[in-house]
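Asks: Take a look and give me a structure for this.
(3 chains)
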Amino acid sequence: MVASLLTARGLNKQFRSGNQPVSVFRNLSLQLDRGESLALTGRSGSGKSTLLNILCGLEQPDTGSVQVLDEVFEGNNTDRQTEARWANLRRQQIGVVFQEANLMPALSLLDNVRLRAGLAGQNEDDCRDWLERLRIGELAGRFPDQVSGGQRQRAALAMVFAMNPALILADEPTGSLDRHTAEDVTGQLFDLQSRHGCGLILATHDAELATRCSHHLDLGHLPET
Amino acid sequence: MTVFSALLSHYRRHPLQLLALALMIVLATMLWTGVSHLTDHARASLAQSERAIAGQQQLVREDGQALSVQDFAYLRRQGLCVMPWLEVQRPPPEGRVIGVDPFASACFGTEAPGQAGVDALNGTPFLDIAEAKAMVRQGSDGALSLLVPVDVEADAVPADYRLKDFSMGPATGELGESFLLNLDALGVLVLLITALLVRSVYQLGLVQRRESFALLGRFGVPAARVQVLLLIEMVVLTSVCVIPGIWLGRLLAEMLGGSFGQVLESLFDAPLYAVGGDGFVLPALVMVTVVLLACFADRWLLRRLPWISGRQSVLWFGVPALGLGLAMVAWPFTLGWLYVGIALVFVAVGLLTPRVLSFVAQWRAEGAGAITLWQRRELAVLFRRLALPVVALQFAVAMVLAIQALVTTFEDTFERWLGQRLEAEFYVEVPEQSAAADGVRYLAGLSGLGDWHLVQRGKTHVVPEMAGDDAATSVEVDLFSISPIGPLVTGWTLLDATPDAWEKLAAGQGVMVNEQLARRQGYQPGDPIGFVLGEQTLALPVVGVYADYGRPDGEILVAGKILPETFNTRFQSLSLNPGTLAMAEIEQGLATVWNIDQLTVRDNGSIRSLASGVFDQTFLITRAITVLTLVLAGTSLLVMGWVFFTTRARYYRLLFVWGLSRREAAGQLRWLAMCLTGAVAVAALPLGVWLTWTLVSRINPLAFGWSLPMAVYPGFWLEMLVLCLVIGLAIAVLMRRQLGAGVAAPVVANVSGGGER
Amino acid sequence: MTCCFQPLRWGLMALVLGLTACSETPESAGFAGLAEQVDEDVFAQPAPGHRLRFPEDFGPHPRHRIEWWYLTANLTTEQGEPLGLQWTQFRQALEARDPGEPEPEPDSWPLDAAWMAHAAVSFQGQHWFSEKLARGGIGQAGATAEPFEVWLDDWHMRVEGDGRWRLQVSGDGWSYDLRVTIEGEPVAHGDDGFSPKSASGEGSMYFSLVDLAIEGEVTLDGETFGVSGQGWFDREWSSQFLKAGQQGWDWFALHLESGDKLMMFRLREAGGDFLSGTWVTPEREVIPLGADTMTLEVVEHRDTAEGNIPAQWHIRIPGRQADFNVMAPQGQYWNDGLFPYWESPVSVTGSHQGEGYMELTGY
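Replies: Numbers count the residues shown, from 1 in each chain, chains lettered A, B, ... in the order given. As a prediction, this is how the structure comes out:
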């Protein structure tokens, strides 16, 4: 049987607020195959980022399981081996894009892409091409603080695609951009994702953006007490 | 809400930052106050003691006999202002104490008889002469001198007595001054390091408040107003912090002062360390000024000299300043000139070090793999961003290196100097009017006596053999003769010698010269040297050059047998080890031979242990101060490094997101932090060595006319390197906790901090 | 004369104790209880019935705590100008010693006594003063009864071959060298030499030589004057300091033209002053004066650099038909040493004419 790209089953996550446990989500399950995209929507604090963190191993669910490719992770497990398996997945298979601060400030855009590609074991020679394809080839030698926010996010996308991931997790990647630039960047994101056939989970406030994804999961309610 | 309280609200949100700034000011004030307090009091006490015994001369008997209370009473009844001075050697830690008669010193006071004089002589190491005499009777060594004011002329002196200069001991003034100068230099360096530390904390605060300032700007508050408010904020903060700082500094000084006072007392016969009295105003003003300069001087400078802000201008200014400073120190004319040179070097090094380190890191980065490239680029950023604490630590380490080298060199030189000067266990002065030969004959006849020799000192003229007219060009030097030449001297360190040097010297076939004379006149082993002995001129080859440990006068060592009868011996003594005999017995025998009541005998063993003890104490304090400075600078780099790393934490978390395990990411941080502090140690090394050289070979000769040998101690360098690496490790550990604590969540980025490159 | 009870106590004692590194400082309770604090076992106490002995009493009294040798002179220069001079040497014992006990060895620099000497010359309204200090027991300062000698450094008073005393003193820029001819016998004050110093009976042994003929030279700022005139010599010893409540002294020694001599002192104290004196007739009959036989009043005060002092006095002794004023000449006569006090020549006008010396302490 061919495993799906990503399967999550029965995820539960609680935070403690004072003495009160606050449930972020309860018994959440989802599945994503290659080439598919999933939009996560919901108000601030509804657990979008937490879910993304759990799906890439930066956080652990209280209960439930996550399977990425053929790696299966059960419940809240932080042993060194589990951590190493997650790290390996993130290094080679899962690209993560945040709203901001995706680049090392001491490296040029090109060097950032090379670093990310190098960590993923990809050929560093193609990195300049990725910048060209995202229309920032002429900025390759600039440092993050020398380019605009949109250009930085394009470079972040270049980094993600340069690692040739199976899954991309994007947490409001255009949240700090103006509308025009945001459309431009997300256009490129969807374009590349469909061309490469990787999975995409996109956390966003933007309902219109959500409609461009093949699936939609609304975490819209506030966390239950 | 006023603008001021809006500004201050930053600290309400970041109380730790306020605490760090306050702590830095308090600690810096404490350190500087402590050092300057010690120095001030040492200086005042030294001056007081010098005043008390300034310009004295003494009366000695024409017949060479020891002075007694009867001489004193007789001279007083002749109407002379004479003061008894009974120096008694006590075992450590008491050291040398001086018995005086407060009634007798009354006539010495220049302005108010019986007051100035009495006060100056009141307190340790002075005590009533009856008590001192009791110590002598219980077995301590003591010698009575009779001091007279300097205005007493020779014709006022009764027959059977003559005037002689009275000195407190060999070159203590120089040593004391040198010591104080070192402390002063230390004080200035501490102040400089202080300024750097305060500035670094302040700047960090500014970076973190940039947003607030921008917000205030948008609300229409003029930038100038914000500046004024910041200035007020700093003045208030500093004023509040310097008070406990000064208080703690005093406490520190007083804690150290006890032993410090004792050190100077024993070393310089100075009644020492009267704590207290000084106002808070001066140190407070100095600290407020330093803090304000450190925080705001650049704004003023930038406005007037806008070019200095450019990255290139650091090089344009720094490199020539470094060259000029080094040149000024290499070829100094005056002490002032030298200090300006040193200041230039420090400023230049402070400006250049972060750039150079950063450059080196960048340079090594080119052509490396992606992760290595990141490491080195990140390191370069750290060097630039942490420039101030980096330079402060560099200065502190350099200072510690220099002080350590200086102290160890001093100690070593002193040890060897003692070894040369105090070669035998006892030292018996041959009384004037007595024949040394009688004593020699007596000693030669003793069986069971250990090694001994007769020392005779006088003056001679060296006749440079090339010069035709010898009278015009002859140089006066000290003549030092020993007979017989034996094991007491043959162990001396010879800098250069012909084979069988000691044998030739003993046979009267050659002479030895001291280092000074050899250097000054260019003598080498084998060169003939012409000198006048009595009425004859001798020409003998130089067979050896012996180390003199800073003695400024030229000296020739000859075998006693070549001294003619006509030679004017100015001073004679016997150095001897009693062997199996009792010293008292030998003394008794010599006194009988010379037919005098009291011999002047010095117990070299006790002097030696006393001197070594005193030395240890003296430099314990210097070391304590330097180590405190190091700790302060290290702590500061630790705090600054940690804070800076924290602002960059979001970027370091990317390493997790990109698939490095926690352990790998922590390893990267550890590498970064240890490279940072290790590089500081390495950068401090040349500065430290240079500073040592400057102290030893430049300041000392200019200030005091003699120089110490220069030595370096790589073992200690290693210690400093390890210490710096430990500081780095501590930063990494703190950092790891920081990264481990938070969830590596996508952060809401704040462009105002941490994004520097 | 009792000039320096107070200075001795508060000066020399403090000086000596302070400088010998003794941790105890003098009691700070004013003068209170000092008389009571004398340790009878240590120092001998003068008491009624004690007798004077000559020549021993010209020498030191090591069993007593304090004593002094004191000379004042009212002289005239060859030009006929009046010149006053004074010399005092004090001994302050730190330890009592029986006369039979051997003296401490000088070589140990003993500190059993401290010595202080004062000398002054008053001339043409100017006053020259000098002070010397010495440790006892080492030969620098001392006194012997026979042959009579009292010395400190190069200052000394001693008997010469011709039986006259010679007093040689030199200060900074001034000096004197006097020969003193003693006429008459010593005058014992009080009860055959015991002179009470308070109503409760404490006192000192005290005698004077009241007929001294003096001649010699005085050199002031390089100018030497031949001088001659009459003088007064005091010997006094005790072991007691000021009694509680006593604030100071006013002391007079007067040569009257009638040939009478008068010594008179007043101890100022809170509950009424203690007044005492001795009248010596031209026939050298000695008449002790009690407080009820005389009055002493201040006529006029003088502002001086160191305080307001009574410079003119009125003395009445009805029993001797004496009613006269005593007045210091113009000028300031402070002996400005460690413990300043006033010491000046005086002139007498009224029922009697004369001259003499006045000493005032505690102002």
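Asks: give me the element the residue of chain A at minimum distance from chain B is part of.
Replies: Relative to chain B, the nearest point of chain A is A:Arg91 (2.4 Å; CB to the nearest CB). Bear in mind the C-beta positions are built from the backbone N, C-alpha and C, glycine included. For A:Arg91, the host element (DSSP states H and E) is helix A:80-92.
Asks: Give me the pLDDT for whatever residue of the stretch 251-363 of chain C ends up closest to chain A.
Replies: In the stretch 251-363 of chain C, the residue found nearest to chain A is C:Leu338; the distance is 78.9 Å by CB to the nearest CB. pLDDT recorded at C:Leu338 is 80.
Asks: That one touches C:Glu131, doesn't it?
Replies: Yes - with contacts counted by CB atoms under 8 Å, C:Leu338 reaches C:Glu131, the gap being 6.8 Å.
Asks: circling back: please name the spatially closest residue to the residue of chain A closest to chain B (chain neighbours excluded).
Replies: B:Gly659 (2.4 Å; CB to CB, 6 or more residues apart in numbering or on different chains).
Asks: Can you tell me the SS state at that neighbour?
Replies: coil (DSSP: H, G, I helix; E, B strand; the rest coil).
Asks: Contact partners for the closest residue to A:Leu109 other than its chain neighbours?
Replies: Counting by CB to CB, 6+ apart, A:Leu109 lies nearest to A:Ala155, which is 4.4 Å off, once chain neighbours are set aside. Neighbouring residues of A:Ala155 by CB atoms under 8 Å, 6 or more residues apart in numbering or on different chains: A:Asn102, A:Leu103, A:Leu109, A:Asn112, A:Val113, A:Leu131, A:Leu134, A:Ile136, A:Leu139, A:Pro144, A:Val147.
Asks: returning to what we had before: might one say that the residue nearest to A:Arg91 is in contact with A:Ala117?
Replies: No - counting by CB under 8 Å, B:Gly659 does not reach A:Ala117; the two are 12.0 Å apart.
Asks: Show me which helix runs longest in chain A.
Replies: helix A:179-196 (DSSP state H).
Asks: ok, then the element right after that helix?
Replies: strand A:199-203.
Asks: gap between that next one and the chain center?
Replies: Mean-position distance between strand A:199-203 and its chain equals 6 Å (CA atoms, centre = their mean, to the nearest Å).
Asks: What helices and strands are in contact with the helix or strand hosting B:Val391?
Replies: Taking DSSP H and E as the criterion, B:Val391 maps to helix B:387-421. The contact analysis (3 or more CB pairs under 8 Å, 6 or more residues apart in numbering or on different chains; DSSP states H and E) places helix B:387-421 against helix B:172-208, helix B:335-365, helix B:604-647, helix B:662-693, helix B:714-741.
Asks: same thing but 10 Å
Replies: helix B:172-208, helix B:335-365, helix B:370-385, helix B:604-647, helix B:662-693, helix B:714-741 (3 or more CB pairs under 10 Å, 6 or more residues apart in numbering or on different chains; DSSP states H and E).
Asks: hang on, the earlier thing: contacts only, for the residue nearest to A:Arg91.
Replies: If you count contacts by CB atoms under 10 Å, 6 or more residues apart in numbering or on different chains, B:Gly659 has them with A:56-57, A:86-94, A:96, A:116, A:119-120, A:163.
Asks: Now do the phi/psi pair for it.
Replies: In terms of degrees, to the nearest 10, the main-chain angles of B:Gly659 are phi 100, psi 10.
Asks: so how far is chain C from it?
Replies: To chain C, B:Gly659 is 78 Å away according to CB to the nearest CB, to the nearest Å.
Asks: Over to B:Glu515?
Replies: 44 Å.
Asks: So the nearest residue to C:Pro196 once chain neighbours are set aside versus B:Thr490, what's the distance?
Replies: Using CB to CB, 6+ apart and skipping the chain neighbours, the partner closest in space to C:Pro196 is C:Gly203 (4.1 Å). C:Gly203 sits 78 Å away from B:Thr490, going by CB to CB, to the nearest Å.
Asks: Of those two, which one has the most company?
Replies: More neighbours surround C:Gly203 than the other of C:Gly203 and B:Thr490, with 25 against 14 (other CB atoms under 10 Å in any protein chain shown).
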